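Novice: Return atomic coordinates for the entry below.
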Amino acid sequence: MFIEKRKIGRLIKYYLVYSYRDKSKVKKIRRYLGSNITKTEIENAKKKAEGNIKKELGVLNTEIFNFFLTKNQITKLNKYDIQIHHFQSGEWKRFKEYFTYNTNAIEGSSVELDEVPHILKKKPIDSEETETKGVAKAVDFIRNTNEQFSLELIRNLHKVCFEGSKDFAGHFRTVDVVIRNSNGDIIHSGVPVSGLKAALDELVRWYTQNKNKFRPLALAAIVHNQFEDIHPFTDGNGRVGRLLLNYILIKKGYPPINILLKNRSEYYAALQAYQKSNNIRQMIQFLIKQYKKTLRQVTTDSKK
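Specialist: As a prediction, the model looks like this:
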């Protein structure tokens, strides 16, 4: 917030101005403080105006990292929801196997779905089998942990997934990273190392401040997308991000969601929509479709 002066003839009018960005537009809230007033009068009027602006901002918008959602936009997002189905033990087992297969396959693993149950019962012989067991263990972790959302939780998830397969398991990156498509073109750059800690702190702070403003599906989608935008690890961001998505859903009493390998392109498109134009609705709509597939798959298989 800053003081703006306007000279009109012999009058000097003072305003308190708050400038903010709503998507691509810069908007301002301006409050009149008085004309030809002293410094003390300006300070007194400023304090009152600051309080009024903050109250108005609470009604107008919620900041989502580098953009704002209006109250009406939040209401619309919160209308998106999924059917709550509490998994039974057999359904959890099947979900874990399907999730482990798909989330690793999205990242290039050659382990097949029918191999997963056997791998989970034996000692791993290579890095792919180690990561299969690691992701499955991480599913159990998010299901049972009482840890609050924090940087430590994020590091722990990465460590559980990749201990034994990556020497940087549980450690945030110390180099800049970019994501390339199959043609070698850069499609996304992670947050520079110089700003990584600040971006992660902001993510945790935002979650703490907004966890009760959004319904679980919207909340989980926003955190997942922003985590992927930051890309805090040298490798393994996709898997940890999808685990964080489900961590939030589970802790809010919602069922987990499995993102299918065959729908990878649609998933990436939803991530790109967020990164390029702050479009979170596309990811929420995608997750609803994925959950319907998850539910059909897990409940059908659990009856076999």
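
Novice: So Cys103 sits against Val240, correct?
Specialist: Just to correct that, residue 103 is Thr rather than Cys. No: in this structure Thr103 lies outside contact range of Val240 using Cβ atoms under 8 Å: 9.7 Å. From N, CA and C alone the C-beta is placed, and that goes for glycine too.

Novice: Would you state the strands of the chain in chain order?
Specialist: Applying DSSP state E to the chain gives strands spanning 2-8, 11-22, 25-35, 61-64, 67-70, 178-180, 186-189.

Novice: Next up, the contacts around the residue nearest to Asp201 when sequence neighbours are not counted.
Specialist: Nearest-residue entry for Asp201: Leu151, 7.5 Å, with adjacent residues in sequence omitted and distances by Cβ to Cβ, 6 or more residues apart in numbering. Counting by Cβ atoms under 8 Å, 6 or more residues apart in numbering, Leu151 touches 200-201, 204.

Novice: again, 10 Å this time
Specialist: Shown in contact with Leu151 (Cβ atoms under 10 Å, 6 or more residues apart in numbering): 172, 197, 200-201, 203-204, 232.

Novice: What pLDDT is listed against it?
Specialist: On pLDDT, Leu151 comes in at 97.

Novice: got it, and Asn72?
Specialist: Confidence score, pLDDT, at Asn72: 80.

Novice: if we can go back for a sec, and the strands of the chain as CSV, adding distance to Glu115 and mean neighbour count?
Specialist: Formatted as CSV, those follow (distance: least, Cβ to Cβ, whole Å; neighbours: other Cβ atoms under 10 Å):
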stretch, distance to Glu115, mean neighbour count
strand 2-8, 61, 10
strand 11-22, 49, 15
strand 25-35, 51, 13
strand 61-64, 40, 18
strand 67-70, 43, 18
strand 178-180, 28, 13
strand 186-189, 31, 13
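
Novice: among the contacts of Leu151, which ones are buried?
Specialist: 172, 200, 203-204, 232 (16 or more other Cβ atoms under 10 Å).

Novice: Mind picking the two most distant members of the residues you listed?
Specialist: Farthest apart among the buried ones among the contacts of Leu151 by Cβ to Cβ are Phe172 and Val204. That separation is 13.0 Å.

Novice: Mind splitting this structure into its structural domains?
Specialist: Per the record, the chain has its domains at 2-61, 77-302, by automatic domain parsing.

Novice: residue ranges with poor pLDDT in the chain?
Specialist: 20-25, 56-61, 182, 301-304 (pLDDT under 70).
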